[in-house]
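*Asks:* Make a model of this:
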Amino acid sequence: MNRSLSRGDTAVDVVIVGAGLAGLTAARELESAGAAVLVIEAQDRVGGRTMARRVAGTTVELGGQWIGPGQRRIGALARDLGVETFPTHLPGRTVFCEGGRRSEYEEDGEIPFSDPAALREVEEAFGALGKLARGVPADAPWRAKNAAELDGQTLETWKLGHELSSGARFYFDLAVESLYACEPRDVSLLGVLADVASSGSFEGLFEIEASAEEYRFVGGAQEISVRLAEGLEGRVVLDSPARRIVQEGGAVLVESVRASVRAGAVIVTVPPALRGRIEYVPALGPRHDGLSQRMPMGAVIKCHAVYGTPFWRETGLNGRAESDTGPCKVTCDNSFPEDSVGVLTGFILGSDAREWGRRERGEREEAVLECFARYFGEKALDTLGYAETDWGAEVYSRGGYAGVPTPGMLLDHGPALQEPVGRIYWAGAETSSEWSGYMEGAVESGERAAREVLSDLSGVVPRREAPVSDVDDLSQRKLAQGYTHRG
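*Replies:* Model (predicted):
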């Protein structure tokens, strides 16, 4: 028999809002320290911005999926949970489309711009950004010596200050769209430099991407969250969006659709853009409230086509494409090594995602497959299945890959990313000073928030047990089923 919790039914040490990597990592850390926790999740699954489903008999990754060798926390967590990784590198040529001209280049070859000087221009621009980033502290970019100047302009303004050819501008923009799911005009220069610093990759924007995409997870990245939730033994309540957080008398009351929980503290892990959709009593101050208004999500539609075989490999292609014409300007081979089928994944990004998100799904599918055919040949039109996720249409994400720092946000509101408000603590990929916006950053933020709570509440809040067996029968059944969409 299912039942919804009523106010006062449950008392724990810490409530966590959000069952993505940040929230589940925080819960794991807190429980290991002896605290009683309860995780409240708005969706009918765990995983946050990682999500997998079955299409035509194979797994496709609808959300975040890659990690790199410099991302030690997520790698260690996966190993601890028994989730294996495999290298994403595939030999072969990359397709390059510019100005209506299709060409191919080898992994160690030069990008075949129509204007050969464009490659040098791009490299110099990326190098200049890396040099600027060395003067930005990743954990507090608003303290950079020239923070006001850097945060007072967009990356587009900086780009226009460099005399780049049309080919160089196209490739520069493609790098930005690939990393932020927005255009250079949307993002603060200081925000970009902070991200470069947080990744430790000072050679350019594509260097960040390359160093973060060397491995994938067997079974999909969502499997990490599934196993974290299993370890919490039923302390995850699904289908229960948090509506209201009340601070009173040295404690908090977290009210959600299916649970009202009293605790010593709450960790909120939703993206900054969604923080303001929760009611706070008393209300958040201007710096914290303004953050949610000044860090919108990027726009991305992630599209997958499944084929009988990875046919593009037969002609020496690696499944990657880079194009100045959309809607899918970037693609990759997203097949799993244990499967015989092939998966091509394409990304509709930024303005293209906002435009194509308004159209019918069938029209998008046709346009995506036409892009694939232009890159890899007519066989791309003959699919076993197609799937897509418009992350902007996901009610509890409202975009991807992460929040975009707009000009002026870091200078005036940056500290609010992590700064607690009474008994309210913050986590999530955007709040991390290491690999901000990535799965690695989400894990780091969960660990940090757990430490903050344990430090502040040590000896103050007694450990109280939640009625685990009664918390949420439906949630426990979904946990047993793995939370994933199998269909």
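
*Asks:* make it CA atoms for all contacts and neighbour counts henceforth
*Replies:* Noted.

*Asks:* Quickly note the distance from the residue nearest to Val368 when sequence neighbours are not counted to His288.
*Replies:* Nearest residue to Val368, sequence neighbours excluded (CA to CA, 6 or more residues apart in numbering): Cys328, at 6.2 Å. Using CA to CA, to the nearest Å, Cys328 is found at 36 Å from His288.

*Asks:* ok, these two, which is more surrounded?
*Replies:* Cys328 (27 against 23; other CA atoms under 10 Å).

*Asks:* Now do the contacts for the more buried one.
*Replies:* Listed by CA atoms under 8 Å, 6 or more residues apart in numbering, the contact partners of Cys328 are 346-349, 368, 371.

*Asks:* out of the residues you listed, who's nearest Arg243?
*Replies:* Nearest to Arg243 among the contacts of Cys328, counting by CA to CA, is Leu349 at 30.5 Å.

*Asks:* for the closest one, which residues make a bridge with it?
*Replies:* Val300 (DSSP bridges).

*Asks:* Tell me if I'm right that it and Ala181 touch.
*Replies:* Yes. Counting by CA atoms under 8 Å, Leu349 touches Ala181, with 5.0 Å between them.

*Asks:* which neighbours do those two share?
*Replies:* Common contact partners of Leu349 and Ala181 (CA under 8 Å, 6+ apart): 299-300.

*Asks:* on that earlier part again, next one: the residue nearest to Val368 relative to Leu155, how far apart?
*Replies:* Relative to Leu155, and taking CA to CA, Cys328 is found at 22 Å.

*Asks:* next one: Leu174
*Replies:* From Leu174 over to Leu155 (counting by CA to CA), the distance is 13 Å.

*Asks:* Which residue ranges make up each domain of the protein?
*Replies:* Per automatic domain parsing, the structural domains of the chain span 10-48+221-295+405-481, 115-211.

*Asks:* To Arg354, which of the ones you listed lies closest?
*Replies:* Of all these, it is domain 115-211 that lies closest to Arg354, at 10.0 Å by CA to CA.

*Asks:* roughly how far is the closest one from the heart of the chain?
*Replies:* 19 Å (CA atoms, centre = their mean, to the nearest Å).

*Asks:* ditto for stretch 384-396
*Replies:* The answer for stretch 384-396 is 14 Å, by CA atoms, centre = their mean.

*Asks:* Same list, the domains of the chain, but as a markdown table with mean pLDDT and distance to Glu355 please.
*Replies:* Formatted as a markdown table, the domains of the chain follow (pLDDT from 0 to 100; distance: least, CA to CA, whole Å):
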| stretch | mean pLDDT | distance to Glu355 |
| --- | --- | --- |
| domain 10-48+221-295+405-481 | 90 | 20 |
| domain 115-211 | 92 | 13 |
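
*Asks:* So which of these is the most surrounded?
*Replies:* domain 10-48+221-295+405-481 (a mean of 22; mean count of other CA atoms under 10 Å).

*Asks:* End to end on stretch 351-366, go ahead and measure it.
*Replies:* Using CA to CA, the span of stretch 351-366 from its first residue to its last is 19 Å.

*Asks:* Quick check: buried residues in it?
*Replies:* Of the residues in stretch 351-366, 351-354, 356-357, 364-365 count as buried by neighbour count, 16 or more other CA atoms under 10 Å.

*Asks:* quick one: which of these is nearest to Glu279?
*Replies:* Of all the buried residues of stretch 351-366, Glu279 sits closest to Arg354, with 28.0 Å by CA to CA.

*Asks:* Tell me which residues are up against the helix or strand hosting Gly446.
*Replies:* Using DSSP states H and E, Gly446 falls within helix 439-457. With CA under 8 Å, 6+ apart as the contact definition, helix 439-457 has outside contacts at 21-27, 29-30, 64, 67, 71-74, 264-265, 267, 425-436.

*Asks:* Select from those every entry located in strands.
*Replies:* Counted as lying in strands by DSSP state E, out of the contacts of helix 439-457, are 265, 267, 425-426.

*Asks:* any idea which of those residues is the one closest to Gly400?
*Replies:* Taking CA to CA as the measure, Gly400 lies nearest Trp426 of those, at 18.8 Å.

*Asks:* Please list all residues in contact with that closest one.
*Replies:* By CA under 8 Å, 6+ apart, the neighbours of Trp426 are 267-269, 417-420, 449.

*Asks:* quick one: it from Val136, how far?
*Replies:* In terms of CA to CA, Trp426 sits 23 Å off from Val136.

*Asks:* do Tyr280 as well
*Replies:* Tyr280 is 33 Å from Val136, where distance means CA to CA.

*Asks:* before we move on, what about Glu41?
*Replies:* Taking CA to CA, one finds Glu41 at 35 Å from Val136.

*Asks:* What of Asp239?
*Replies:* Going from Asp239 to Val136 by CA to CA gives 40 Å.

*Asks:* How about the contacts made by the spatially most central residue of the chain?
*Replies:* Geometric centre of the chain, nearest residue: Tyr401, 4.2 Å, by CA atoms, centre = their mean. Tyr401 makes contact with 49, 64, 180-181, 297-300, 437 under the criterion CA under 8 Å, 6+ apart.

*Asks:* Identify the spatial nearest neighbour of Gly290, chain neighbours not counted.
*Replies:* Nearest non-adjacent residue to Gly290, counting by CA to CA, 6+ apart: His413, 7.0 Å away.

*Asks:* For the residue nearest to the centre of the chain, give me the pLDDT.
*Replies:* Note on Tyr401: pLDDT of 96.

*Asks:* part of a strand, is it?
*Replies:* No. Under DSSP: H, G, I helix; E, B strand; the rest coil, Tyr401 sits outside any strand and is assigned coil.

*Asks:* What ranges does the stretch 351-487 of the chain have for its helices?
*Replies:* With helices called from DSSP state H, counting those that start in this stretch, the stretch 351-487 of the chain shows them at 351-356, 361-376, 409-413, 439-457, 473-481.

*Asks:* How about residues contacting the third one?
*Replies:* The reference is to helix 409-413. Under the contact criterion CA under 8 Å, 6+ apart, helix 409-413 has outside partners 141-142, 147-148, 151, 190-191, 287-288, 290-291, 294-295.

*Asks:* Next one: the residue nearest to Gly346 when sequence neighbours are not counted relative to Ser178, how far apart?
*Replies:* Spatial nearest neighbour of Gly346, chain neighbours left out: Thr331 (4.3 Å); criterion: CA to CA, 6+ apart. Separation of Thr331 from Ser178 (CA to CA) stands at 10 Å.

*Asks:* again with Tyr396
*Replies:* In terms of CA to CA, Tyr396 sits 22 Å off from Ser178.

*Asks:* Quote the end-to-end distance of stretch 323-334.
*Replies:* 18 Å.

*Asks:* can you start the count at 55 instead of 1 from here on
*Replies:* Okay, using 55 as the starting number, the last item reads as stretch 377-388.

*Asks:* can you pull the buried residues of it?
*Replies:* Of all the residues in stretch 377-388, those buried under the rule 16+ other CA under 10 Å are 377-378, 380-388.

*Asks:* do stretch 391-402 as well
*Replies:* For stretch 391-402, burial by neighbour count (16+ other CA under 10 Å) applies to 395-402.

*Asks:* Relative to the whole chain's centre, how far out is stretch 71-86?
*Replies:* Relative to its chain's centre, stretch 71-86 lies at 16 Å (CA atoms, centre = their mean).

*Asks:* my bad, stretch 394-407
*Replies:* How far stretch 394-407 lies from its chain's middle: 16 Å, per CA atoms, centre = their mean.

*Asks:* got the contact list for that stretch?
*Replies:* By CA under 8 Å, 6+ apart, the residues outside stretch 394-407 that reach it are 112, 114, 231-232, 235-237, 352-365, 373, 380-390, 422, 444.
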